[in-house]
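Trainee: test case, fold it:
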Amino acid sequence: MVRLSVDVGGTFTDAVMVDDSGKLYALKIESTPRNPELGFVDAVVEVISGIVDPEQIESLVHVGTIGSNLLLGQLGIRLPACALVTTKGFRDVIEIGRQNRPELYNINFSRPRTLVPRSLRFEMDERVDSDGGVLVKVSKTRLRELARRLRNSGAETVAICFLNSYVNGSNERVAETLLKRALHRPVYASSDIDPEQREYERASTTVVNAVLAPAVSGYLRSAGEEMRRIGITAELYVLGSSGGLLDIAEVGRRPILAVESGPAAGVVAASEV
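Mentor: Coordinates of the predicted model:
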């Protein structure tokens, strides 16, 4: 069994391959930040060249920091404009955040810029109580009106976060379905992406996911297609932030699961030493 793993970083791309005999092959090349799939493919081609045939590879794992590098602006790729749809009265929750501060005694501390400007935050009159009971159903008529506003807003991707949707996401699912159909743009519901308690954490996580998904899904799709083109039939997996493996379709839909892929890989490796 030939196993191959590739770690795509912002500066270097590393490939490590283990053949049937247990022999280890390693390669380091420069990354291609603006087109990271090119560096990924180059590393795979170079490390297997003259050693094994592409069809002999039975395990192919991708590790990388593309998600975190995109967020930090290190790849020079423009992030898509993201809109946030929230329960009426909670438009600014993503900016208000929590009372805790990263630098408690820094009197000059300033908050980082939010990923969603206020002009791209929209409210819907809907409500679910803390037990999951629907107090106010989301209006399809209002959603169609919202779709027209979103279409003219310049938003390229949409995150939805309604209050208490982690208990009952029915209002979010209605909104997600209608907006996807009306906009033909990516729409992500917090009850699907990160169904956790507390609206700030859920909203910010869903926004990050919505911002990353277009670039990450396109990148992984291209990488998978290139692997098939060069003759590798093994399924491509991505190492997630938890240290487990995820298929590329799931990471393309929920890239938030693999934002810490690179650091997690180091911890997993260290645990085996």
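Trainee: the stretch 151-273 of the chain: helices as residue ranges?
Mentor: Secondary structure of the stretch 151-273 of the chain by DSSP state H, counting those that start in this stretch: the helices cover 170-183, 190-193, 199-229, 248-253, 261-272.
Trainee: can you list those helices in TSV and add mean neighbour count and distance to residue 96?
Mentor: Bear in mind the C-beta positions are built from the backbone N, C-alpha and C, glycine included. Converted to TSV, the helices of the stretch 151-273 of the chain look like this (neighbours: other CB atoms under 10 Å; distance: least, CB to CB, whole Å):
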stretch	mean neighbour count	distance to residue 96
helix 170-183	19	21
helix 190-193	24	17
helix 199-229	20	7
helix 248-253	18	28
helix 261-272	14	29
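Trainee: so which of those helices is nearest residue 62?
Mentor: The closest of those to residue 62 is helix 199-229. By CB to CB, the value is 7.0 Å.
Trainee: tell me the mean pLDDT over that closest one?
Mentor: Across helix 199-229, pLDDT averages out at 94.
Trainee: about what we covered before: including distance to residue 141, could the helices of the stretch 151-273 of the chain go into JSON lines?
Mentor: As requested, those are arranged in JSON lines below (distance: least, CB to CB, whole Å):
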{"stretch": "helix 170-183", "distance to residue 141": "10"}
{"stretch": "helix 190-193", "distance to residue 141": "22"}
{"stretch": "helix 199-229", "distance to residue 141": "24"}
{"stretch": "helix 248-253", "distance to residue 141": "29"}
{"stretch": "helix 261-272", "distance to residue 141": "42"}
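Trainee: residue 118: which of those helices is closest?
Mentor: Nearest to residue 118 among the helices of the stretch 151-273 of the chain is helix 199-229; the distance by CB to CB comes to 13.3 Å.
Trainee: report the angle between the axes of the closest one and helix 170-183?
Mentor: Orientation of helix 199-229 against helix 170-183 (axes from the mean of the first three to the mean of the last three CA atoms, to 10 degrees) gives an angle of 50 degrees.
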